[in-house]
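Asker: here are the coordinates; sequence isn't available:
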DNA sequence: GTTGACTCTGACGTCGACGTGAGGGTTTAG
DNA sequence: CTAAACCCTCACGTCGACGTCAGAGTCAAC
């Protein structure tokens, strides 16, 4: 499949897909014309990329992580100790981020659920 | 207290504190000299700001939210319906973000916990 | 009064993941 | 064969929360 189809399948812009390749996250084949040719595997890869990006990982780290994920479900492993250290650090970051999100959500909930004092309702005419 | 002290108490840079004021999140008094003068309340306010920023809220939204948080614990309320809509939207965003973080963490866990195949350990000499 | 720590206001720099054209080939349906 | 749709490579623009530096007042202690 070509880039437009992959973009539609994943919901990721063509620009982003080219960017991922530029960063070494994706390596599609090339037609003689220069057109990129993607496989079905790339669909899964793109989804993984988006998940890790959403978690705050940078493209450089993701580039290190991706080779450790082969097929869907049957992973290989994180061989290099350096990578394991990085992954543990990222894991801690993610956990901390989740806790911060929980705190923030509770803060918003407190405001949303707060009873509106009658005099405040009067004062604010919005 | 002056800006240096507040910075030390909150762990937030002076530049950031001035930025928050510029965005209407903080309104310290001013000495005749122009020096900013903060109260103890501002310490709590800054912590709230950081929590909401960490949750992905923009300074503009936070500026709308802050007036609804008076004292510590005893909130007022979200009066304007517009604000309630925004808050609900943000709440959904946060929940979605938490789920994405959970997915990403599981992905990392799978890699971290994956057994290292013997031949892979040989192949990669890192 | 003077030294050193502190603070002020601009104002430009940063970083990362893209957005957005410009200018020009390629493919495919009719 | 031609038009529409698709794709290519530069390369500059964006956005938000600050970092950083310059040049210049202020405050507290000695």
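Answerer: Arrived safely. Everything numeric here is computed off the predicted structure, so don't read it as measured data.
Asker: Let's see the pLDDT reported for the nearest residue to residue A:27 once chain neighbours are set aside.
Answerer: The shortest distance from residue A:27 to any non-neighbouring residue, by C-beta to C-beta, 6 or more residues apart in numbering or on different chains, is to residue A:21 (6.8 Å). For glycine as for every other residue, the C-beta is placed from the backbone atoms N, C-alpha and C. Residue A:21 carries a pLDDT score of 97 in this model.
Asker: Tell me how far residue A:21 lies from residue B:100.
Answerer: Distance of residue A:21 to residue B:100, given as C-beta to C-beta, to the nearest Å: 23 Å.
Asker: the more surrounded of the two?
Answerer: residue B:100 (18 against 14; other C-beta atoms under 10 Å in any protein chain shown).
Asker: picking up where we left off before, so the residue nearest to residue A:27 sits against residue A:42, correct?
Answerer: No - if you go by C-beta atoms under 8 Å, residue A:21 and residue A:42 don't touch, sitting 10.1 Å apart.
Asker: shared neighbours, these two?
Answerer: Taking C-beta atoms under 8 Å, 6 or more residues apart in numbering or on different chains as the criterion, residue A:21 and residue A:42 both touch residue A:28.
Asker: Which secondary structure element of chain A has the lowest mean pLDDT?
Answerer: Here the helix or strand of chain A ranked lowest by mean pLDDT, DSSP states H and E is helix A:118-123, holding a mean of 56.
Asker: Leaving out sequence neighbours, find the closest residue to residue A:31.
Answerer: Per C-beta to C-beta, 6+ apart, closest to residue A:31 is residue A:37, 5.8 Å.
Asker: Contact partners for that neighbour?
Answerer: A:1, A:2, A:28, A:29, A:30, A:31.
Asker: Just give the number of residues close to the last one.
Answerer: Taking other C-beta under 10 Å as the neighbour definition, residue A:31 ends up with a count of 10.
Asker: ok, now how distant is it from chain B?
Answerer: As for residue A:31, its distance to chain B is 31 Å (criterion: C-beta to the nearest C-beta, to the nearest Å).
Asker: For that residue, give me phi and psi.
Answerer: phi -80, psi 160 (degrees, to the nearest 10).
Asker: Pull up the gap between it and residue A:18, please.
Answerer: 15 Å.
Asker: now swap in the fifth one and tell me
Answerer: In this structure, residue A:30 lies at 12 Å from residue A:18, with C-beta to C-beta as the measure.
Asker: Also the first one?
Answerer: Going from residue A:1 to residue A:18 by C-beta to C-beta gives 15 Å.
Asker: How about the fourth one?
Answerer: In this structure, residue A:29 lies at 15 Å from residue A:18, with C-beta to C-beta as the measure.
Asker: So for the two, which sits in the more crowded spot?
Answerer: residue A:18 (14 against 9).
Asker: Can you give me the buried ones in the one helix or strand that one maps to?
Answerer: Using DSSP states H and E, residue A:18 sits in helix A:14-22. Of all the residues in helix A:14-22, those buried under the rule 16 or more other C-beta atoms under 10 Å in any protein chain shown are A:16, A:17, A:20.
Asker: which stretches of chain A aren't confidently modelled?
Answerer: Counting by pLDDT under 70, chain A has low-confidence residues at A:70-80, A:115-126.
Asker: can you count the residues close to the residue of it found nearest DNA strand D?
Answerer: Going by C-beta to the nearest atom of the strand, DNA strand D is nearest to residue A:4 of chain A, at 2.5 Å. Other residues within reach of residue A:4, judged by other C-beta under 10 Å, total 10.
Asker: Hmm, residue A:14 and it touching each other?
Answerer: Yes - counting by C-beta under 8 Å, residue A:14 is a contact partner of residue A:4 at 6.7 Å.
Asker: Run through who's touching stretch A:1-8.
Answerer: Contacts of stretch A:1-8 (C-beta under 8 Å, 6+ apart): A:9, A:12-14, A:17-18, A:28, A:35-39, A:42-43, A:46.
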